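Participant: Return a 3D structure for these sequence lines:
(2 chains)
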Amino acid sequence: MIWNPIKECMPEEQKRELQGKRLHKVVDYVYHNVPFYRHKMQEMGIEPGDIQTIDDIVKLPFTTKQDLRDNYPFGLQAAPQSEIIRIHASTGTTGNPTIVGYTRKDIDVWSECMSRCLTAYGVQRSDIFSVAYGYGLFTGGLGVHYGVENLGATVVPTSTGGTQKHAKLIKDLGVTGLACTPSYALHLAEVIEQMGIKKEDLKLRVGAFGAEPWTENMRQEIQARLGLKGYNIYGLSEIMGPCVSYECECQDGSHINEDHFYPEIINPVTLEPLERGTDGELVFTTLTKTGMPVLRYRTRDLCSLLPGDCPCGRTFVRMSAIKGRSDDMLIIRGINVFPSQVESVLLEIPECAPYYRLIVDRKDNLDILTVQVEARPDYLSEGFDTLSPITALEKKVADRLKSVLSISSVVQIKMPGSLERFEGKAKIVTDNRKLV
Amino acid sequence: MIQQLSVFMENRTGILSAVLDVLKQAKIQLYAISIADTTDYGICRIICDRPAEARKALMDAGIAAALSDVCAVELANTPGAAADMVSLFAREGLSLAYLYTFLFKEKPVMVFRTDDAAKAKQILESGGLCCFQWN
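Facilitator: Okay, the predicted model is just below:
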């Protein structure tokens, strides 16, 4: 099924014409409402009249996560506050999260795009759909929630945590659809098995999984254990949230809602646009957003745009699976974590030396972040004779990290001098998760 | 009270050897070693002849070491001596953080740590026990 065939199956030429018109409009809008973009464009010697077709997009400046942070909280907002009806935020590196304000129109577009995703997965009005992404500042929960409501299916706003209760509801309510991170889906499968519930007793048939990288093997395992068909969903709060792209029944890449989010692939070093089929950094321009539109936002996600048509009939271009990051961001249990965030926390703790390592593992299908940090020699050489100061320090570090990162971590205090010193580029992060 | 050297160590092959080797090079005479461990790390407590020099040697070798004053008591070399001593503390509700023993010139010495050293001394003296002295 296709939610909006007029848009999703638009002939190529017509689509490009629409994209060009919308691009001109959004550029004109930000030029007159966001000083940041006006100054950037003036510096480059361009004005809205220079942007007439979608091919003119290459003339426009890029936007980075740093630009969003520098303009915290509302610097990039184009609409007046009276038009903003919701705020979402993504994790920040050194204190400031990225704030995104949505107008009513933005929420409507989001719900529309989300409905397209869900319909592609086979969700119908008769479905009972559990949303097990976090509700709150994170876009996952509310984003999918509004899409399910817009489509007309029954939404069960489960949010995260309380896995046993969730498992019981899935069985008792006859839940047919599930949205969550793929690692949480595996954890849920495990809990369901431990509770002695058989997958034959469940009515689950559709899963929308995303917010973290996952693999074909994980998909096979989730499908086998939960008895559903799992589909990829992609999105990021800076652009909208989940709904930016979605798999169809062909499951060969994810269709991008191109009438609202225009994708480009660039070389992350030279910033040159790359051909279809070539791997590079994914860049998005929001074509219709009014709350906080962004031009050429560098996602740091590495992937390619797939050439050729999809047999499903949709003409929206497909993106490949995400193959990595062009920065050092980690995605742990669906939450963005930058090593620099961990560093800034550690540097504020006087007992800790500035030597640390991050190790990410996946145990029992849950991501585990281990932070190893050396204690300062003077901390261990003044009247120290029991291990209780060490366990107290571990707890202190873990509590501080939790408040900044919003996820728990395992902290290990190391002997002074015990972590390897690097000359040149340090290898701080070891990611042991196997995503092949 | 006597001086004890404490070294924080990770649970890793070769760490203890490295620590002891530094002390050997500094010609430190060891009287007692006690190691408490958890999964990831442990603490090595040492009684030796020149604790300040021992600590300096370790710090110079990049190994963090701490000096602390701990209680030490001389016991009779007979069955039940330890039990009698610890029962004095138990009766007074004084808890022990750690405890270990060594022999010095054929005499058993018990080293321990409590939250209240003054009270411990008072309890020992009232029980007829004397604090350990090196000479």
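
Participant: Distance check, A:Cys310 against chain B.
Facilitator: Distance from A:Cys310 to chain B, counting by Cβ to the nearest Cβ, to the nearest Å: 51 Å. Just so you know, the C-beta spots here come from the backbone N, C-alpha and C atoms, and that holds for glycine as well.

Participant: Same question for stretch A:71-85: list its buried residues.
Facilitator: Residues A:71, A:73, A:76-79, A:83-84 are the ones in stretch A:71-85 that count as buried (16 or more other Cβ atoms under 10 Å in any protein chain shown).

Participant: For the residues you listed, which two are the farthest from each other?
Facilitator: A:Asn71 and A:Glu83 (18.1 Å; Cβ to Cβ).

Participant: Just the ones of the buried residues of stretch A:71-85 in strands?
Facilitator: Using DSSP state E, the subset of the buried residues of stretch A:71-85 located in strands is A:Ile84.

Participant: And residue 58, its phi and psi?
Facilitator: Assuming you mean chain A. With angles defined as degrees, to the nearest 10, A:Val58 sits at phi -70, psi -10.

Participant: ok, what's across the strand from the closest residue to it other than its chain neighbours?
Facilitator: Nearest residue to A:Val58, sequence neighbours excluded (Cβ to Cβ, 6 or more residues apart in numbering or on different chains): A:Pro273, at 6.0 Å. For A:Pro273, the beta-bridge assignment (DSSP bridges) gives partners A:Ile266.

Participant: what does the one 10 residues further on give?
Facilitator: The bridge-partner assignment for A:Val283, based on DSSP bridges, gives A:Glu264, A:Arg298.

Participant: Identify the residues contacting residue 7.
Facilitator: No chain was given, so I picked chain A. Listed by Cβ atoms under 8 Å, 6 or more residues apart in numbering or on different chains, the contact set of A:Lys7 reads A:116, A:259.

Participant: wrong one, I was asking about chain B
Facilitator: B:19, B:43-44, B:46, B:58, B:63-66.

Participant: how close does the spatially closest residue to A:Asp431 that is not a sequence neighbour sit to chain B?
Facilitator: Closest residue to A:Asp431 apart from its sequence neighbours, by Cβ to Cβ, 6+ apart: A:Val360 at 4.6 Å. From A:Val360 across to chain B, the span is 18 Å (Cβ to the nearest Cβ).

Participant: For A:Val360, list the residues it contacts.
Facilitator: By Cβ under 8 Å, 6+ apart, the neighbours of A:Val360 are A:330, A:332, A:367-370, A:429-433.

Participant: Specify the next element, helix or strand, located C-terminal of the helix or strand that contains it.
Facilitator: Assessed by DSSP states H and E, A:Val360 sits inside strand A:352-363. Next along the chain after strand A:352-363, taking DSSP H and E as the criterion, comes strand A:366-375.

Participant: circling back: among the contacts of A:Val360, which one sits closest to B:Asn77?
Facilitator: Closest to B:Asn77, out of all of the contacts of A:Val360 and judged by Cβ to Cβ, is A:Thr370, at 48.1 Å.

Participant: would you list every one of the helices in chain B?
Facilitator: For chain B, the helices defined by DSSP state H cover B:15-25, B:51-60, B:81-92, B:117-126.

Participant: Show me which parts of the second one are buried, residue by residue.
Facilitator: Spelled out, that is helix B:51-60. Those would be B:51, B:54-55, B:57-59, for helix B:51-60 by 16+ other Cβ under 10 Å.

Participant: Please apply the same query to the first one.
Facilitator: Applying a neighbour-count criterion of 16+ other Cβ under 10 Å, one finds B:15-16, B:19-20, B:22-23 buried in helix B:15-25.

Participant: What residues does chain B have near chain A?
Facilitator: Neighbours of chain A within chain B, by Cβ under 8 Å from any Cβ of the partner chain: B:4, B:6, B:8-10, B:12, B:15, B:36, B:38, B:40-43, B:45, B:55, B:59, B:62-68, B:70, B:97-98, B:113.

Participant: now do 6 Å
Facilitator: B:6, B:8, B:10, B:40, B:43, B:62, B:64-66, B:68, B:97 (Cβ under 6 Å from any Cβ of the partner chain).

Participant: Now flag whichever of the buried residues of stretch A:71-85 is closest to A:Val58.
Facilitator: A:Leu76 (21.1 Å).

Participant: so that closest one sits right up against A:Val294, yeah?
Facilitator: No - contact criterion Cβ atoms under 6 Å: A:Leu76 and A:Val294 do not qualify, at 7.1 Å.

Participant: any idea how far B:Ile2 is from chain A?
Facilitator: 12 Å.

Participant: Count the residues that sit near the residue nearest to that residue when sequence neighbours are not counted.
Facilitator: Nearest residue to B:Ile2, sequence neighbours excluded (Cβ to Cβ, 6+ apart): B:Ala72, at 4.7 Å. Counted with other Cβ atoms under 10 Å in any protein chain shown, residues neighbouring B:Ala72 total 22.

Participant: contacting residues around B:Ala72?
Facilitator: B:2, B:109, B:111, B:132 (Cβ atoms under 6 Å, 6 or more residues apart in numbering or on different chains).

Participant: Quick one: residues contacting B:Met110.
Facilitator: B:73, B:75, B:101 are the contacts of B:Met110 under Cβ under 6 Å, 6+ apart.

Participant: With adjacent residues omitted, what lies nearest to the last one?
Facilitator: Think B:Thr101. B:Met110 (4.9 Å).

Participant: separation between the residue sitting nearest the centre point of chain B and B:Phe104?
Facilitator: Using Cα atoms, centre = their mean, the residue of chain B that lies closest to the mean C-alpha position is B:Val111, 4.8 Å off. According to Cβ to Cβ, to the nearest Å, B:Val111 and B:Phe104 sit 11 Å apart.

Participant: can you list the domains in chain B?
Facilitator: The record assigns chain B these domain ranges, following automatic domain parsing: B:2-66, B:70-126.

Participant: Now do the first one: distance from first to last residue.
Facilitator: I take that to be domain B:2-66. Length of domain B:2-66, first residue to last, Cα to Cα, to the nearest Å: 14 Å.

Participant: Show me how far it is from its chain's centre.
Facilitator: Relative to its chain's centre, domain B:2-66 lies at 12 Å (Cα atoms, centre = their mean, to the nearest Å).

Participant: I'd like to know which of the buried residues of stretch A:71-85 are part of helices.
Facilitator: Per DSSP H, the buried residues of stretch A:71-85 never map to helices.

Participant: Between the buried residues of stretch A:71-85, which sits nearest chain B?
Facilitator: In terms of Cβ to the nearest Cβ, no member of the buried residues of stretch A:71-85 lies closer to chain B than A:Pro73, at 40.6 Å.

Participant: Tell me if I'm right that the closest one and A:Val100 touch.
Facilitator: No - between A:Pro73 and A:Val100 there is no contact under Cβ under 6 Å: 9.9 Å.

Participant: Tell me which residues touch the most far-flung residue of chain A relative to its centre, please.
Facilitator: The outermost residue of chain A relative to its centre, with distances by Cα atoms, centre = their mean, is A:Gly383 at 47.1 Å. Shown in contact with A:Gly383 (Cβ under 6 Å, 6+ apart): B:66, B:68.

Participant: Over to A:Asp28?
Facilitator: A:Pro48.

Participant: is it fair to say it lies in a helix?
Facilitator: Yes - counting by DSSP: H, G, I helix; E, B strand; the rest coil, A:Asp28 is located in a helix.

Participant: How much space separates it from chain B?
Facilitator: Applying Cβ to the nearest Cβ to A:Asp28 and chain B gives a distance of 60 Å.

Participant: How about the residue of the stretch 201-350 of chain A found nearest chain B: what's its closest non-neighbour residue?
Facilitator: The stretch 201-350 of chain A approaches chain B most closely through A:Pro350 (15.0 Å), counting by Cβ to the nearest Cβ. The spatial neighbour of A:Pro350 that comes closest, neighbours along the chain excluded (Cβ to Cβ, 6+ apart), is A:Arg376 at 7.4 Å.
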